[in-house]
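>>> this is the structure alone, sequence omitted:
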């Protein structure tokens, strides 16, 4: 390897001593200019390559800059929304400073700077959505004087020469094709609101109603719409101020996929007319899909180059370039990847491209599309058989909540080996304690039998922790906290709101928590957080007069307790002594008996363990004073 000439060293030390120190530390003295490529620190390598170019014995010095790309802020993140820049162009940056807030597939996360410098250019503005991981979003320079000379990174050439040669020559564009691509982007600032993921398992939702109309002023925190998820009907709140300019998805539309554009917001009412004809979904699925999804495409040349045909997603051998997840998603959705335009690095097809292609209708004729839109705007009504038809019936549309309940319970019965244990408990003492506590409450609470059942179950789970577990294929996870889901029937379906740390709460607190959750569930105002999975579930049908039943396990939990009604029964009198002629006690007496059935996952809880749990539960229920210990 050639040695660094002495005059090169002098120039480097004079131009930028810090850079020379960096090179010296990474390469050692005498490493040679070609050794700059070995620099381990990206910042050092980027600066060195930008400042030093050794060409035919001459040295050229250029302004250093580094490109900031969209980071992968979660293991599953492939794209993100740039919610807000916390720094503006020209601001000084230090390591650890928050550059921007990025909305990932899981949460909104602060994106921190790793190197010092000055923010020279912001390439992706606030509100930009679906920015691919690795796409350039900003340019940073070393000094304030270099801001003026900073340039946006040049987009990499898309297909190779061989691929370009192999690809057929595109036909001249037609006016019809141009029209199908949609209107150009509005010149005014705007943001597109997408269908949010309002629960961890939500993949699609139904817009029940819009709470704001076009032209309404929006404040952060305002409820824009009510969305029916797979768990509940939840308010979709605005995160920024603005004016609602256009509603893209009308109320009543079913199965709107997460991240589908649903509305457009502008900064002031004067801009509404300029976005009235803009349709972001048409742009994403039209011939300009690559230009719309590209992270940086300000020059006309780059936007023209990105309107490539689907053939551009192939390499020289004709193999389709697509990520593994995109291939799997295409196979599941029945999508032909040869017809999809890629928006990833080197025009590679990513999952977002497959989803966009799947959302595009098979025929693009205007009349059927308009008819379909008008039909979708009307909520599906029950279909009643015609008069005189046999048999007579009514078809009730299946809601998202009902569909998810069906899927989860079917999965539970098909994959979990259920078995059932039933036991009867004498609750005479419990009824007496309950009456005594309620009479002394002064109306501040009214305890139910279910409150005692929740408390007894929680303490039994602490005593027999094997039941407070779940099956996870390679391990059995045993929980140290006791969080109990309580089944609640509501008009929308079955809900299981969560009572956290039930073992640590008193009866009055449990009563208040359950009552509040039940009211929210029946009113359709329960939040996804209230429906989080716990470690155990209780289903009580006693208030309906059901003597006993066996419940379906709520996965991933290992057990569920089914509680029947309290019945007066004739039972042997424990005070009666057989053979005592002077005894005034009858041989039989009446007692309040309640029947409970424990459904167990045999992979986690063996029969003997389930029986031990029921014994512990029975001891607490039949002697309620133990609940105070």
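That came through, no problem. The shown structure was predicted, so the numbers you read here are calculated from the model rather than taken from an experiment. Numbering: from 1, shown residues only.

>>> how about residue 240, secondary structure?
Secondary structure state of residue 240, per DSSP: H, G, I helix; E, B strand; the rest coil, is coil.

>>> ok, it - how many residues close by?
Residue 240 sits with 15 neighbouring residues when counted by other C-beta atoms under 10 Å. Where C-beta positions appear, they are placed from N, C-alpha and C, glycine not excepted.

>>> list the contacts of it.
Listed by C-beta atoms under 8 Å, 6 or more residues apart in numbering, the contact set of residue 240 reads 127, 191, 218, 220, 265.

>>> next one: residue 423
Residue 423 makes contacts with 595, 596, 598, 614, 615, 617, 618, as judged by C-beta under 8 Å, 6+ apart.

>>> filter those down to the buried ones.
Among these, those buried by neighbour count (16 or more other C-beta atoms under 10 Å) are 595, 596, 598, 614, 617, 618.

>>> report the two of the residues you listed separated the most.
595 and 617 (12.5 Å; C-beta to C-beta).

>>> between the two, what contacts are shared?
Common neighbours of residue 595 and residue 617 (C-beta under 8 Å, 6+ apart) are 423, 425.

>>> sorry, back to before: the contacts of residue 240 in strands, which ones?
Within the contacts of residue 240, residues falling in strands by DSSP state E are 191, 218, 265.

>>> any idea how far the last one is from residue 193?
Computed with C-beta to C-beta, to the nearest Å, the distance linking residue 265 and residue 193 is 6 Å.

>>> going along the chain, name the strands of the stretch 351-500 of the chain.
Secondary structure of the stretch 351-500 of the chain, counting by DSSP state E, counting those that start in this stretch: strands at 383-384, 394-395, 418-426, 469-471, 476-478, 484-486, 488-490, 493-495, 498-499.

>>> could I get the buried residue list for stretch 594-609?
Across stretch 594-609, burial judged by 16+ other C-beta under 10 Å covers 594, 595, 596, 597, 598, 599, 600, 601, 604, 605, 609.

>>> my bad, stretch 120-140
Within stretch 120-140, the residues that qualify as buried are 120-124, 127-133, 135-140, counting by 16+ other C-beta under 10 Å.

>>> just how off-centre is it within its chain?
22 Å (C-alpha atoms, centre = their mean, to the nearest Å).

>>> let me know the average pLDDT across that stretch.
For stretch 120-140, mean pLDDT is 88.

>>> between the two ends of it, what distance do you get?
5 Å (C-alpha to C-alpha, to the nearest Å).

>>> hmm, back to that, pick the one among the contacts of residue 240 closest to residue 470.
Closest to residue 470 out of the contacts of residue 240 is residue 220 (38.3 Å), distances taken as C-beta to C-beta.

>>> doesn't residue 265 make contact with the closest one?
No. Counting by C-beta atoms under 8 Å, residue 265 is not a contact partner of residue 220; they are 11.3 Å apart.

>>> so those two - more neighbours on which side?
More neighbours surround residue 265 than the other of residue 220 and residue 265, with 24 against 10 (other C-beta under 10 Å).

>>> which residues does the more buried one bridge with?
Residues in a beta bridge with residue 265, per DSSP bridges, are residue 191, residue 244.

>>> list the contacts of it.
Residue 265 makes contact with 190, 191, 192, 193, 218, 238, 240, 242, 243, 244, 245 under the criterion C-beta under 8 Å, 6+ apart.

>>> tell me where the stretch 51-200 of the chain has helices.
Here the stretch 51-200 of the chain has its helices, by DSSP state H, counting those that start in this stretch, at 161-166, 175-180.

>>> from the ones in strands among the contacts of residue 240, which has minimum pLDDT?
Of all the ones in strands among the contacts of residue 240, residue 191 carries the smallest pLDDT score, 85.

>>> count the residues that sit near it.
Neighbours of residue 191 (other C-beta under 10 Å): 21.

>>> isn't it up against residue 241?
No. Counting by C-beta under 8 Å, residue 191 sits too far from residue 241 to count as a contact (11.0 Å).

>>> if I look at the residue lying closest to residue 103 once chain neighbours are set aside, how far off is residue 101?
Spatially, and ignoring its direct neighbours in sequence, residue 103 is nearest to residue 81 (4.0 Å; C-beta to C-beta, 6 or more residues apart in numbering). Counting by C-beta to C-beta, the gap from residue 81 to residue 101 is 9 Å.

>>> for residue 422, give its distance to residue 557.
Using C-beta to C-beta, residue 422 is found at 19 Å from residue 557.

>>> which of these two has more neighbours?
Shown here are residue 422 and residue 557; by other C-beta under 10 Å, residue 557 has more neighbours (26 against 14).

>>> what's the neighbour count on the nearest residue to residue 455 once chain neighbours are set aside?
By the measure of C-beta to C-beta, 6+ apart, the closest residue to residue 455 outside its immediate chain neighbours is residue 627, 5.2 Å from it. Residues lying near residue 627 (other C-beta under 10 Å) number 18.

>>> re the thing from before, now intersect the contacts of residue 423 with the strands, please.
595, 596, 598.

>>> which residue sits closest to the last one, ignoring its sequence neighbours?
Leaving aside its chain neighbours, residue 598 sits nearest to residue 421 (4.7 Å; criterion: C-beta to C-beta, 6+ apart).

>>> ok, the one you found touching residue 602?
No. Contact criterion C-beta under 8 Å: residue 421 and residue 602 do not qualify, at 11.4 Å.

>>> cool, thanks, talk later.
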